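A.B. asks: have a look; sequence and predicted model below, questions after that.
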Amino acid sequence: MLPLRSRMGPRDLGEPHRASSPLELLFDLTFVAAVSQVAGRLAHATEEAHVGGAIAPFLMVFFAIWWAWMNFTWFASAYDTDDVLYRVMTFVQMAGVLVLAAGVPSAFDGDFTTVTIGYLVMRVGLVSLWLRAAVAHPAGRATALRYAAGLSIVQVFWVSRLALPDGGPMWLFFVLAALDLSVPLIAERPGMTTWHPHHIAERYGLFTIILLGESALAATNAVQDAVAHGVSGELVTIALAGLAILFALWWLYFSEPAGEGLERRRDRSFIWGYGHYLVFAALAAIGAGLETAVVSAGDHIEASTRTVVASVAVPIAVVLVMLWALHAPMRRTTVRPELIGATAVLTLLTILAAPALGVAATLIVMAVLLSLLLAATLTREAPGAGDLAK
(Lines give C-alpha, C1' and ligand atoms only; values in the text may rest on other atoms or scores of the structure.)
Protein backbone atom coordinates (compact mmCIF):
# COMPACT_ATOMS: atom_id res chain seq x y z
CA MET A 1 0.00 0.00 0.00
CA LEU A 2 1.29 3.45 -0.92
CA PRO A 3 2.28 5.37 2.23
CA LEU A 4 0.72 8.75 2.89
CA ARG A 5 4.13 10.15 3.70
CA SER A 6 7.62 8.67 3.91
CA ARG A 7 11.02 10.15 4.62
CA MET A 8 12.32 12.10 1.62
CA GLY A 9 15.93 11.04 1.42
CA PRO A 10 18.31 11.30 -1.53
CA ARG A 11 18.34 8.48 -4.06
CA ASP A 12 21.40 6.28 -4.41
CA LEU A 13 23.85 7.88 -6.85
CA GLY A 14 24.89 4.49 -8.19
CA GLU A 15 21.49 2.81 -8.07
CA PRO A 16 21.44 0.04 -10.73
CA HIS A 17 18.71 -0.15 -13.36
CA ARG A 18 17.30 3.25 -12.41
CA ALA A 19 14.40 3.95 -14.75
CA SER A 20 11.73 6.60 -15.13
CA SER A 21 8.74 6.04 -12.88
CA PRO A 22 5.14 5.85 -14.17
CA LEU A 23 4.53 9.20 -12.46
CA GLU A 24 7.37 10.81 -14.41
CA LEU A 25 5.98 9.41 -17.64
CA LEU A 26 2.55 10.83 -16.84
CA PHE A 27 4.17 14.16 -15.98
CA ASP A 28 5.83 14.20 -19.40
CA LEU A 29 2.53 13.61 -21.16
CA THR A 30 1.08 16.84 -19.79
CA PHE A 31 3.71 18.69 -21.80
CA VAL A 32 2.39 17.24 -25.04
CA ALA A 33 -0.40 19.82 -25.14
CA ALA A 34 2.00 22.70 -24.51
CA VAL A 35 4.49 21.56 -27.17
CA SER A 36 1.65 21.00 -29.65
CA GLN A 37 0.37 24.52 -29.07
CA VAL A 38 3.72 26.25 -29.47
CA ALA A 39 4.66 24.24 -32.60
CA GLY A 40 1.24 24.85 -34.14
CA ARG A 41 1.47 28.59 -33.63
CA LEU A 42 4.94 28.69 -35.18
CA ALA A 43 3.69 26.69 -38.19
CA HIS A 44 0.74 29.05 -38.65
CA ALA A 45 3.04 32.08 -38.54
CA THR A 46 5.37 30.49 -41.08
CA GLU A 47 2.51 29.73 -43.47
CA GLU A 48 1.47 33.39 -43.34
CA ALA A 49 5.06 34.55 -43.94
CA HIS A 50 5.22 36.08 -40.45
CA VAL A 51 7.84 33.72 -39.10
CA GLY A 52 10.24 36.57 -38.32
CA GLY A 53 7.86 38.00 -35.76
CA ALA A 54 7.06 34.57 -34.31
CA ILE A 55 10.60 33.38 -33.56
CA ALA A 56 11.00 35.43 -30.36
CA PRO A 57 7.59 34.43 -28.90
CA PHE A 58 8.32 30.80 -29.82
CA LEU A 59 11.66 30.80 -28.02
CA MET A 60 10.20 32.64 -25.01
CA VAL A 61 7.22 30.32 -24.57
CA PHE A 62 9.31 27.23 -25.20
CA PHE A 63 11.74 28.40 -22.52
CA ALA A 64 8.90 28.32 -19.98
CA ILE A 65 7.91 24.81 -21.12
CA TRP A 66 11.46 23.46 -21.11
CA TRP A 67 12.53 25.08 -17.85
CA ALA A 68 9.46 23.86 -15.98
CA TRP A 69 10.04 20.31 -17.24
CA MET A 70 13.74 20.42 -16.50
CA ASN A 71 13.40 21.65 -12.91
CA PHE A 72 11.13 18.80 -11.85
CA THR A 73 13.15 16.24 -13.82
CA TRP A 74 16.39 16.94 -11.99
CA PHE A 75 14.64 17.15 -8.63
CA ALA A 76 12.93 13.79 -9.19
CA SER A 77 16.27 12.22 -10.10
CA ALA A 78 17.65 13.16 -6.67
CA TYR A 79 14.52 12.93 -4.49
CA ASP A 80 11.75 10.55 -5.49
CA THR A 81 9.87 9.12 -2.53
CA ASP A 82 6.72 8.33 -4.55
CA ASP A 83 4.35 8.60 -1.60
CA VAL A 84 0.91 10.23 -1.60
CA LEU A 85 2.21 13.69 -0.70
CA TYR A 86 4.87 13.54 -3.43
CA ARG A 87 2.27 12.54 -6.02
CA VAL A 88 -0.08 15.34 -4.97
CA MET A 89 2.66 17.95 -5.33
CA THR A 90 3.50 16.51 -8.75
CA PHE A 91 -0.19 16.74 -9.67
CA VAL A 92 -0.10 20.45 -8.78
CA GLN A 93 2.77 20.93 -11.23
CA MET A 94 0.93 18.99 -13.91
CA ALA A 95 -2.08 21.28 -13.47
CA GLY A 96 0.24 24.24 -13.95
CA VAL A 97 1.49 22.77 -17.22
CA LEU A 98 -2.06 22.57 -18.58
CA VAL A 99 -2.70 26.20 -17.61
CA LEU A 100 0.56 27.17 -19.30
CA ALA A 101 -0.47 25.28 -22.45
CA ALA A 102 -3.79 27.12 -22.51
CA GLY A 103 -1.93 30.42 -22.51
CA VAL A 104 0.34 29.69 -25.47
CA PRO A 105 -1.88 31.31 -28.16
CA SER A 106 -2.21 34.56 -26.21
CA ALA A 107 1.53 34.53 -25.42
CA PHE A 108 2.28 34.57 -29.15
CA ASP A 109 0.19 37.74 -29.28
CA GLY A 110 2.27 39.28 -26.49
CA ASP A 111 0.07 38.46 -23.46
CA PHE A 112 1.96 36.19 -21.05
CA THR A 113 -0.61 36.40 -18.22
CA THR A 114 -1.95 32.84 -18.49
CA VAL A 115 1.50 31.37 -19.11
CA THR A 116 2.81 33.17 -16.01
CA ILE A 117 -0.09 31.89 -13.90
CA GLY A 118 0.58 28.34 -15.04
CA TYR A 119 4.26 28.84 -14.29
CA LEU A 120 3.33 30.11 -10.80
CA VAL A 121 1.20 27.04 -10.08
CA MET A 122 4.08 24.79 -11.10
CA ARG A 123 6.47 26.70 -8.85
CA VAL A 124 4.17 26.26 -5.84
CA GLY A 125 4.39 22.49 -6.26
CA LEU A 126 8.14 22.42 -6.85
CA VAL A 127 9.05 24.80 -4.01
CA SER A 128 6.94 22.68 -1.66
CA LEU A 129 8.98 19.63 -2.62
CA TRP A 130 12.27 21.46 -2.05
CA LEU A 131 11.12 22.61 1.39
CA ARG A 132 10.15 19.06 2.21
CA ALA A 133 13.59 17.85 1.11
CA ALA A 134 15.21 20.50 3.30
CA VAL A 135 13.36 19.23 6.36
CA ALA A 136 13.93 15.53 5.70
CA HIS A 137 17.54 15.63 4.46
CA PRO A 138 19.84 17.63 6.78
CA ALA A 139 22.96 16.97 4.68
CA GLY A 140 21.34 18.60 1.65
CA ARG A 141 19.39 21.25 3.57
CA ALA A 142 21.48 24.22 2.44
CA THR A 143 21.10 23.26 -1.21
CA ALA A 144 17.37 22.60 -0.90
CA LEU A 145 16.70 25.90 0.88
CA ARG A 146 18.68 27.81 -1.74
CA TYR A 147 16.55 26.21 -4.43
CA ALA A 148 13.31 27.05 -2.61
CA ALA A 149 14.36 30.65 -1.94
CA GLY A 150 15.79 31.25 -5.41
CA LEU A 151 12.78 29.86 -7.24
CA SER A 152 10.40 31.85 -5.04
CA ILE A 153 12.24 35.15 -5.47
CA VAL A 154 12.46 34.86 -9.25
CA GLN A 155 8.81 33.86 -9.41
CA VAL A 156 7.87 37.07 -7.59
CA PHE A 157 9.67 38.97 -10.36
CA TRP A 158 7.80 37.02 -13.06
CA VAL A 159 4.43 37.81 -11.48
CA SER A 160 5.40 41.46 -10.91
CA ARG A 161 6.21 41.76 -14.59
CA LEU A 162 2.50 41.41 -15.36
CA ALA A 163 1.84 44.77 -13.68
CA LEU A 164 3.97 46.58 -16.28
CA PRO A 165 2.37 47.93 -19.47
CA ASP A 166 2.33 45.09 -22.03
CA GLY A 167 4.38 43.00 -19.61
CA GLY A 168 7.35 45.34 -19.82
CA PRO A 169 10.08 45.48 -22.48
CA MET A 170 11.22 42.25 -24.12
CA TRP A 171 14.71 42.53 -22.64
CA LEU A 172 13.18 42.15 -19.18
CA PHE A 173 12.02 38.63 -20.10
CA PHE A 174 15.57 37.61 -20.93
CA VAL A 175 16.89 39.13 -17.69
CA LEU A 176 14.38 37.13 -15.65
CA ALA A 177 15.14 34.01 -17.68
CA ALA A 178 18.85 34.47 -16.86
CA LEU A 179 17.97 34.80 -13.17
CA ASP A 180 15.95 31.58 -13.37
CA LEU A 181 18.87 29.79 -15.02
CA SER A 182 21.22 31.01 -12.30
CA VAL A 183 19.20 29.44 -9.46
CA PRO A 184 20.66 25.90 -9.84
CA LEU A 185 24.17 27.29 -10.29
CA ILE A 186 23.89 29.15 -6.98
CA ALA A 187 21.88 26.52 -5.14
CA GLU A 188 24.31 23.68 -5.82
CA ARG A 189 27.38 25.47 -4.49
CA PRO A 190 27.12 23.87 -1.03
CA GLY A 191 26.89 20.47 -2.70
CA MET A 192 25.37 18.89 -5.79
CA THR A 193 22.16 16.93 -5.52
CA THR A 194 22.41 13.18 -6.05
CA TRP A 195 20.92 13.04 -9.52
CA HIS A 196 21.42 9.77 -11.34
CA PRO A 197 23.33 10.12 -14.67
CA HIS A 198 21.64 7.25 -16.49
CA HIS A 199 18.22 8.26 -15.18
CA ILE A 200 18.74 11.84 -16.38
CA ALA A 201 19.90 10.60 -19.79
CA GLU A 202 16.77 8.47 -20.07
CA ARG A 203 14.51 11.35 -19.03
CA TYR A 204 16.01 13.63 -21.69
CA GLY A 205 15.69 10.85 -24.23
CA LEU A 206 12.02 10.42 -23.40
CA PHE A 207 11.36 14.13 -23.84
CA THR A 208 13.17 13.95 -27.18
CA ILE A 209 10.79 11.19 -28.26
CA ILE A 210 7.82 13.33 -27.19
CA LEU A 211 9.08 16.18 -29.37
CA LEU A 212 9.67 13.86 -32.34
CA GLY A 213 6.20 12.39 -31.78
CA GLU A 214 4.70 15.86 -31.82
CA SER A 215 6.45 16.50 -35.12
CA ALA A 216 4.98 13.32 -36.58
CA LEU A 217 1.53 14.22 -35.22
CA ALA A 218 1.68 17.76 -36.62
CA ALA A 219 2.65 16.44 -40.05
CA THR A 220 -0.09 13.79 -39.87
CA ASN A 221 -2.76 16.36 -39.05
CA ALA A 222 -1.59 18.50 -41.94
CA VAL A 223 -1.71 15.48 -44.27
CA GLN A 224 -5.29 14.77 -43.19
CA ASP A 225 -6.28 18.31 -44.08
CA ALA A 226 -4.42 18.15 -47.39
CA VAL A 227 -6.01 14.81 -48.34
CA ALA A 228 -9.38 16.56 -48.32
CA HIS A 229 -8.20 18.40 -51.42
CA GLY A 230 -6.93 15.21 -53.07
CA VAL A 231 -3.79 13.11 -52.65
CA SER A 232 -0.86 14.16 -54.80
CA GLY A 233 2.57 12.75 -55.45
CA GLU A 234 4.13 15.85 -53.91
CA LEU A 235 2.15 15.37 -50.72
CA VAL A 236 3.18 11.72 -50.38
CA THR A 237 6.81 12.62 -51.06
CA ILE A 238 6.85 15.35 -48.42
CA ALA A 239 5.24 13.04 -45.85
CA LEU A 240 7.72 10.22 -46.47
CA ALA A 241 10.72 12.56 -46.55
CA GLY A 242 9.56 14.14 -43.29
CA LEU A 243 9.24 10.73 -41.65
CA ALA A 244 12.74 9.80 -42.85
CA ILE A 245 14.14 13.02 -41.39
CA LEU A 246 12.54 12.35 -37.99
CA PHE A 247 13.70 8.73 -37.99
CA ALA A 248 17.29 9.68 -38.83
CA LEU A 249 17.39 12.37 -36.13
CA TRP A 250 16.02 9.90 -33.57
CA TRP A 251 18.68 7.36 -34.51
CA LEU A 252 21.48 9.90 -34.38
CA TYR A 253 20.38 11.30 -31.01
CA PHE A 254 20.32 7.89 -29.35
CA SER A 255 23.65 6.89 -30.90
CA GLU A 256 25.35 8.96 -28.20
CA PRO A 257 25.52 7.14 -24.81
CA ALA A 258 24.72 10.21 -22.71
CA GLY A 259 24.47 8.28 -19.45
CA GLU A 260 28.08 7.16 -19.64
CA GLY A 261 29.25 10.67 -20.43
CA LEU A 262 27.33 12.20 -17.52
CA GLU A 263 28.63 9.53 -15.17
CA ARG A 264 32.20 10.25 -16.21
CA ARG A 265 31.93 14.04 -16.21
CA ARG A 266 29.30 15.15 -13.70
CA ASP A 267 30.94 18.58 -13.70
CA ARG A 268 29.69 19.04 -17.29
CA SER A 269 26.07 18.39 -16.36
CA PHE A 270 25.00 22.05 -16.46
CA ILE A 271 26.36 22.51 -19.98
CA TRP A 272 24.69 19.30 -21.16
CA GLY A 273 21.39 20.00 -19.41
CA TYR A 274 21.10 23.67 -20.34
CA GLY A 275 22.31 23.10 -23.90
CA HIS A 276 19.39 20.80 -24.55
CA TYR A 277 17.16 23.86 -24.68
CA LEU A 278 18.42 24.44 -28.22
CA VAL A 279 18.02 20.76 -29.13
CA PHE A 280 14.47 20.58 -27.81
CA ALA A 281 13.41 23.93 -29.30
CA ALA A 282 14.88 22.93 -32.67
CA LEU A 283 13.04 19.59 -32.63
CA ALA A 284 9.77 21.39 -31.92
CA ALA A 285 10.55 23.83 -34.75
CA ILE A 286 11.17 20.92 -37.14
CA GLY A 287 7.62 19.74 -36.43
CA ALA A 288 6.29 23.18 -37.27
CA GLY A 289 8.39 23.25 -40.43
CA LEU A 290 7.19 19.84 -41.61
CA GLU A 291 3.59 20.86 -40.99
CA THR A 292 4.15 23.97 -43.10
CA ALA A 293 5.75 21.88 -45.86
CA VAL A 294 2.74 19.56 -45.99
CA VAL A 295 0.30 22.45 -46.08
CA SER A 296 2.27 24.04 -48.93
CA ALA A 297 1.57 20.97 -51.07
CA GLY A 298 -2.18 21.21 -50.68
CA ASP A 299 -2.95 24.91 -50.29
CA HIS A 300 -1.60 28.21 -51.44
CA ILE A 301 0.29 29.82 -48.59
CA GLU A 302 1.93 33.20 -48.26
CA ALA A 303 5.37 31.82 -47.38
CA SER A 304 7.88 31.37 -50.18
CA THR A 305 9.43 28.02 -51.04
CA ARG A 306 12.71 29.19 -49.53
CA THR A 307 10.99 30.13 -46.24
CA VAL A 308 9.25 26.75 -46.04
CA VAL A 309 12.49 24.87 -46.62
CA ALA A 310 14.39 27.09 -44.17
CA SER A 311 11.82 26.29 -41.46
CA VAL A 312 13.02 22.68 -41.64
CA ALA A 313 16.68 23.07 -42.64
CA VAL A 314 17.73 25.59 -39.97
CA PRO A 315 16.47 23.59 -36.95
CA ILE A 316 17.97 20.39 -38.40
CA ALA A 317 21.36 22.10 -38.56
CA VAL A 318 20.94 23.31 -34.97
CA VAL A 319 20.15 19.78 -33.75
CA LEU A 320 23.19 18.33 -35.52
CA VAL A 321 25.65 20.92 -34.23
CA MET A 322 24.30 20.77 -30.68
CA LEU A 323 24.39 16.98 -30.72
CA TRP A 324 28.15 17.18 -31.12
CA ALA A 325 28.67 20.24 -28.88
CA LEU A 326 26.91 18.70 -25.87
CA HIS A 327 28.69 15.35 -25.94
CA ALA A 328 32.18 16.36 -27.05
CA PRO A 329 33.19 17.84 -23.63
CA MET A 330 32.25 14.58 -21.86
CA ARG A 331 33.48 11.84 -24.17
CA ARG A 332 34.56 11.02 -27.68
CA THR A 333 31.43 11.45 -29.79
CA THR A 334 30.04 8.57 -31.78
CA VAL A 335 29.15 10.83 -34.70
CA ARG A 336 32.27 12.36 -36.23
CA PRO A 337 32.35 16.18 -35.87
CA GLU A 338 33.59 16.80 -39.43
CA LEU A 339 30.68 14.80 -40.81
CA ILE A 340 28.21 16.64 -38.60
CA GLY A 341 29.62 19.98 -39.74
CA ALA A 342 29.49 19.01 -43.41
CA THR A 343 25.94 17.70 -43.12
CA ALA A 344 24.77 20.81 -41.29
CA VAL A 345 26.32 23.11 -43.92
CA LEU A 346 24.90 21.11 -46.83
CA THR A 347 21.49 21.10 -45.16
CA LEU A 348 21.57 24.89 -44.90
CA LEU A 349 22.66 25.17 -48.54
CA THR A 350 19.46 23.42 -49.61
CA ILE A 351 17.69 26.68 -48.73
CA LEU A 352 19.41 28.33 -51.70
CA ALA A 353 18.41 25.49 -54.02
CA ALA A 354 14.81 25.39 -52.79
CA PRO A 355 13.26 27.68 -55.46
CA ALA A 356 14.67 25.49 -58.25
CA LEU A 357 14.05 22.09 -56.64
CA GLY A 358 10.76 22.71 -54.87
CA VAL A 359 9.79 21.74 -51.32
CA ALA A 360 9.38 17.99 -51.89
CA ALA A 361 12.69 17.47 -53.69
CA THR A 362 14.56 19.61 -51.16
CA LEU A 363 13.20 17.57 -48.25
CA ILE A 364 14.34 14.42 -50.04
CA VAL A 365 17.84 15.90 -50.26
CA MET A 366 17.78 16.61 -46.49
CA ALA A 367 16.63 13.07 -45.76
CA VAL A 368 19.42 11.66 -47.94
CA LEU A 369 22.04 13.84 -46.22
CA LEU A 370 20.91 12.64 -42.78
CA SER A 371 20.81 9.05 -44.00
CA LEU A 372 24.38 9.31 -45.26
CA LEU A 373 25.48 10.75 -41.92
CA LEU A 374 23.72 7.90 -40.13
CA ALA A 375 25.27 5.31 -42.44
CA ALA A 376 28.75 6.72 -41.80
CA THR A 377 28.09 6.60 -38.05
CA LEU A 378 26.89 3.00 -38.18
CA THR A 379 29.91 2.02 -40.26
CA ARG A 380 32.20 3.58 -37.67
CA GLU A 381 30.42 1.69 -34.87
CA ALA A 382 30.45 -1.66 -36.67
CA PRO A 383 32.71 -4.39 -35.19
CA GLY A 384 36.07 -4.36 -36.87
CA ALA A 385 35.49 -0.96 -38.46
CA GLY A 386 38.59 0.42 -36.80
CA ASP A 387 40.72 -2.43 -38.14
CA LEU A 388 39.33 -1.94 -41.65
CA ALA A 389 40.09 1.77 -41.45
CA LYS A 390 43.72 0.92 -40.78
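C.D. replies: That came through fine. Residues are numbered from 1 along each chain as shown.

A.B. asks: tell me where the stretch 101-250 of the chain has helices.
C.D. replies: Taking DSSP state H, counting those that start in this stretch, the helices of the stretch 101-250 of the chain run over residues 104-108, 113-136, 141-161, 170-187, 197-227, 233-253.

A.B. asks: could I get those in CSV, plus columns for mean neighbour count, mean pLDDT and distance to T377?
C.D. replies: C-beta here means a position set from N, CA and C on the backbone, and glycine is covered the same way. Formatted as CSV, those follow (neighbours: other CB atoms under 10 Å; pLDDT from 0 to 100; distance: least, CB to CB, whole Å):
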stretch, mean neighbour count, mean pLDDT, distance to T377
helix 104-108, 20, 87, 35
helix 113-136, 20, 93, 38
helix 141-161, 18, 95, 38
helix 170-187, 15, 94, 32
helix 197-227, 20, 84, 17
helix 233-253, 20, 89, 7
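
A.B. asks: adding distance to R306, write these out as TSV.
C.D. replies: Shown next, in TSV, are those (distance: least, CB to CB, whole Å):
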stretch	distance to R306
helix 104-108	23
helix 113-136	32
helix 141-161	37
helix 170-187	27
helix 197-227	19
helix 233-253	16
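
A.B. asks: and of those, who's closest to T292?
C.D. replies: helix 197-227 (8.0 Å; CB to CB).

A.B. asks: still on that earlier bit, among the helices of the stretch 101-250 of the chain, which is nearest P355?
C.D. replies: Among the helices of the stretch 101-250 of the chain, helix 233-253 sits nearest to P355 (CB to CB), with 15.4 Å.

A.B. asks: helices or strands up against the closest one?
C.D. replies: Applying 3 or more CB pairs under 8 Å, 6 or more residues apart in numbering; DSSP states H and E, one finds that helix 233-253 makes contact with helix 197-227, helix 269-298, helix 305-327, helix 359-381.

A.B. asks: tell me which of those sits nearest to H50.
C.D. replies: Once those are compared by CB to CB, helix 305-327 is nearest, at 10.2 Å.

A.B. asks: could you give the average pLDDT over the next helix or strand along the chain from the closest one?
C.D. replies: Moving toward the C-terminus from helix 305-327, the next helix or strand (DSSP states H and E) is helix 337-357. Mean pLDDT, helix 337-357: 94.

A.B. asks: going forward, begin numbering at 59 instead of 1
C.D. replies: Got it, the first residue is 59 from now on, which makes the last one we talked about helix 395-415.

A.B. asks: quick one: residues contacting L243.
C.D. replies: Contact analysis of L243 by CB atoms under 8 Å, 6 or more residues apart in numbering lists F328.

A.B. asks: please repeat the previous calculation with a cut-off of 10 Å.
C.D. replies: Contacts for L243 (CB atoms under 10 Å, 6 or more residues apart in numbering) come out as G208, F328, Y332.

A.B. asks: picking that back up, among the helices and strands packed on helix 291-311, which is nearest G319?
C.D. replies: Nearest of the helices and strands packed on helix 291-311 to G319, taken as CB to CB: helix 363-385 at 5.9 Å.

A.B. asks: gap between the closest one and the chain center?
C.D. replies: 14 Å (CA atoms, centre = their mean, to the nearest Å).

A.B. asks: about what we covered before: by mean pLDDT, show me the worst of the helices and strands packed on helix 291-311.
C.D. replies: The bottom spot among these, by mean pLDDT, belongs to helix 255-285, with a mean of 84.

A.B. asks: by how many degrees do that helix and helix 291-311 diverge?
C.D. replies: 180 degrees (axes from the mean of the first three to the mean of the last three CA atoms, to 10 degrees).

A.B. asks: which strands and helices sit next to helix 255-285?
C.D. replies: Applying 3 or more CB pairs under 10 Å, 6 or more residues apart in numbering; DSSP states H and E, one finds that helix 255-285 contacts helix 80-105, helix 109-136, helix 291-311, helix 316-322, helix 327-356, helix 363-385.

A.B. asks: please tabulate those in JSON lines, including the columns distance to L143.
C.D. replies: Below are the helices and strands packed on helix 255-285 laid out as JSON lines (distance: least, CB to CB, whole Å):
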{"stretch": "helix 80-105", "distance to L143": "13"}
{"stretch": "helix 109-136", "distance to L143": "14"}
{"stretch": "helix 291-311", "distance to L143": "35"}
{"stretch": "helix 316-322", "distance to L143": "29"}
{"stretch": "helix 327-356", "distance to L143": "27"}
{"stretch": "helix 363-385", "distance to L143": "35"}
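
A.B. asks: closest to T391 out of these?
C.D. replies: helix 363-385 (4.8 Å).

A.B. asks: hmm, back to that, closest to V109 out of the helices and strands packed on helix 291-311?
C.D. replies: helix 363-385 (6.5 Å).

A.B. asks: residue contacts, the residue nearest in space to the middle of the chain?
C.D. replies: The centroid of the chain falls nearest to F338 when counting by CA atoms, centre = their mean (2.6 Å). Residues near F338 by CB under 10 Å, 6+ apart: 93, 120, 123-124, 127-128, 262, 265-266, 268-269, 377, 380.
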